[in-house]
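A.B. asks: model this:
(chains A and B)
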Amino acid sequence: METSERAFQAAQAFLLAAKGFWTTTLYDRLRAEYLQQCADQDRQPETVADVAEIVEGSTTYRYFAWLERHLQSAKYAGRYGLVPFYRQRQAQALETLDASAQDARLALDPGLDMPAYYMATDIHQHPGGVWSEPTAGLVYEHGARTTTPLLGGAHADLHTRFTEQVAAGGTPSRVLDMACGFGKSTLPFARRFPDASVLGIDLAAPCLRVAVKTAGDEALGNTRFQQGNAAGSGTDGGAFDLVTSTMFLHEVPPKVLDEVLDECFRVLEPGGRMVHLDFWHLPDPFGRFLHYGHGRRNNEPYMQPLAELDLPRILAQKGFVDIDIKPFNEVDGAVPDASVWRFPWTVISARKPTEV
Amino acid sequence: MSEREVSPGSRGETPRPEQVFFEDPALDRMMGVLLSLATEHCVLRDRLRAIESQLADSGALDAQALDAAFVAGPEDRKDTAAFVEALMRPLLGLQQASGATGAFSLARRRKS
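C.D. replies: Reported below is the predicted structural model:
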């Protein structure tokens, strides 16, 4: 029996509210218990393993971890999950994307090989991943609206805030957005820099179709989307003065990340900037413990490897200059030790030297 | 299409065993049952409110006589949040009325 739209929305609203409880009340309780345990045992944990020794046996943590895993699973794959909802309406849902197939802004590559790591894990617990079926882009777009429940409708503002931060460093004329997905990070650049040409690349054709549809709805003439691999984009060397990505670097294994950073360097013109919004190392071991646990529980296995990389050294070795890695506030007043769970948002930026 | 037809992965492989968080995996699985029931409960509550609203609009129901007439928007969200609060508060493991605490067992009371 097909799930009614109303039932779907009611169930998703429940799951979102439950995630809200998890993000605030349950997280706060877990943190309080952890701090109390540290005080009682006169311990000052320094490593994730230290924190694990204190926390992993706690009942509150077990519920915290279970809910993190299964609220997300229910959101995507449960009876009222996004994947079955869109599968049930596939023909109707895809009609909205029909026009994008002929859109000159879109260049697909049906022969593109999907990397093994990309196929091995269904990231975000999205069954089939964001690439393997036609409705995957619509599912991803819908799911991303509630990635950070406390931001609610302000989630889109996160991208605008990031774009504004990039704009403060200068106005680019040729922008590459790596792993652009359904364009949520790309389109704010296209809007903010109307005189720039903006290219988004991604492995997932279903996501790119959504991106082009949105660009078409907004009549954005300065953006194009191309199916491709950020580790080897096929674009000309020195073709861009800004290379960016949002929540991408943590999705690739270290070896691929190394190739991606090389590609950034290659496609930047001398003096060009790269600016990535991602998640990185947290000084607080409790925060790191939860961050790494999130990676495992949310099917994002490369979150921890990225957070443990010595990025300043790696970027310097690759020849980048003006390397700057700093926390990013996704909303006003966001602080690392807030009493609500949040991602360790980080802006990673560097410049290709003027003379190489 | 049933939710059971949702592929566990993109490779058509046998589903992998789910992650385990509790000392007894039975609790992991029971939590899954509870989450499904809670979701269904919310769907039914929403459905009931919709029916009440339509009946009231058609005059078949005296909306004012109802304890809680259907209210759209923010009130619905508040109601859902209150339901979630009540559902999940037991996870905090705190007593609502003060009394004996700790693990419960009568195993050592051999004289009784």
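
A.B. asks: From here on, just use CA atoms for contacts and neighbour counts.
C.D. replies: Will do.

A.B. asks: Low-confidence regions, chain B specifically.
C.D. replies: For chain B, the stretches with pLDDT under 70 are B:1-12, B:66-72, B:104-105, B:109-110, B:112.

A.B. asks: How much space separates residue B:63 from chain A?
C.D. replies: Residue B:63 sits 21 Å away from chain A, going by C-alpha to the nearest C-alpha, to the nearest Å.

A.B. asks: which residue packs closest to that residue, ignoring adjacent ones?
C.D. replies: Excluding its sequence neighbours, the residue lying closest to residue B:63 (C-alpha to C-alpha, 6 or more residues apart in numbering or on different chains) is residue B:56, at 5.2 Å.

A.B. asks: For that neighbour, what is the enclosing helix or strand?
C.D. replies: For residue B:56, the element it lies in under DSSP states H and E is helix B:25-58.

A.B. asks: in that helix, what counts as buried?
C.D. replies: Neighbour counts over helix B:25-58 (16 or more other C-alpha atoms under 10 Å in any protein chain shown) mark B:28, B:31-32, B:35-36, B:38-40, B:42-43, B:46, B:49-50, B:52-53, B:56 as buried.

A.B. asks: And stretch B:87-104, by the same measure?
C.D. replies: Here stretch B:87-104 shows residue B:88 as buried, counting by 16+ other C-alpha under 10 Å.

A.B. asks: Stretch A:106-126 too?
C.D. replies: Residues A:106, A:107, A:108, A:118, A:119, A:121, A:122, A:123, A:124, A:125, A:126 are the ones in stretch A:106-126 that count as buried (16+ other C-alpha under 10 Å).

A.B. asks: what about that stretch and chain B, touching?
C.D. replies: Yes. Stretch A:106-126 lies within reach of chain B by C-alpha under 8 Å from any C-alpha of the partner chain, at A:119, A:120, A:121, A:122.

A.B. asks: Grab the nearest non-local neighbour of the third one.
C.D. replies: Counting by C-alpha to C-alpha, 6+ apart, residue A:121 lies nearest to residue A:299, which is 6.6 Å off, once chain neighbours are set aside.

A.B. asks: tell me the contacts of that neighbour?
C.D. replies: Going by C-alpha atoms under 8 Å, 6 or more residues apart in numbering or on different chains, residue A:299 touches A:121, A:122, A:123, A:124, A:125.

A.B. asks: most centrally placed residue in chain A?
C.D. replies: residue A:247 (2.8 Å; C-alpha atoms, centre = their mean).

A.B. asks: Is it correct that that residue is in contact with residue A:278?
C.D. replies: Yes. With contact defined as C-alpha atoms under 8 Å, residue A:247 reaches residue A:278; the gap is 4.7 Å.

A.B. asks: Output the buried residues of stretch A:106-126 in a markdown table; the columns should cover secondary structure.
C.D. replies: Output for those, formatted as a markdown table (DSSP: H, G, I helix; E, B strand; the rest coil):
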| residue | secondary structure |
| --- | --- |
| A:106 | strand |
| A:107 | strand |
| A:108 | coil |
| A:118 | helix |
| A:119 | helix |
| A:121 | coil |
| A:122 | coil |
| A:123 | helix |
| A:124 | helix |
| A:125 | helix |
| A:126 | coil |
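
A.B. asks: What is the nearest of these to residue A:259?
C.D. replies: For these, the minimum distance to residue A:259 (C-alpha to C-alpha) is 15.0 Å, reached by residue A:118.

A.B. asks: Now do that closest one, the pLDDT please.
C.D. replies: Looking at residue A:118, its pLDDT stands at 96.

A.B. asks: Could you look up the SS state of residue A:278?
C.D. replies: strand.

A.B. asks: Just give me the neighbour total for the residue nearest to residue A:107 when sequence neighbours are not counted.
C.D. replies: Nearest non-adjacent residue to residue A:107, counting by C-alpha to C-alpha, 6+ apart: residue A:226, 4.7 Å away. Counted with other C-alpha atoms under 10 Å in any protein chain shown, the neighbours of residue A:226 add up to 21.
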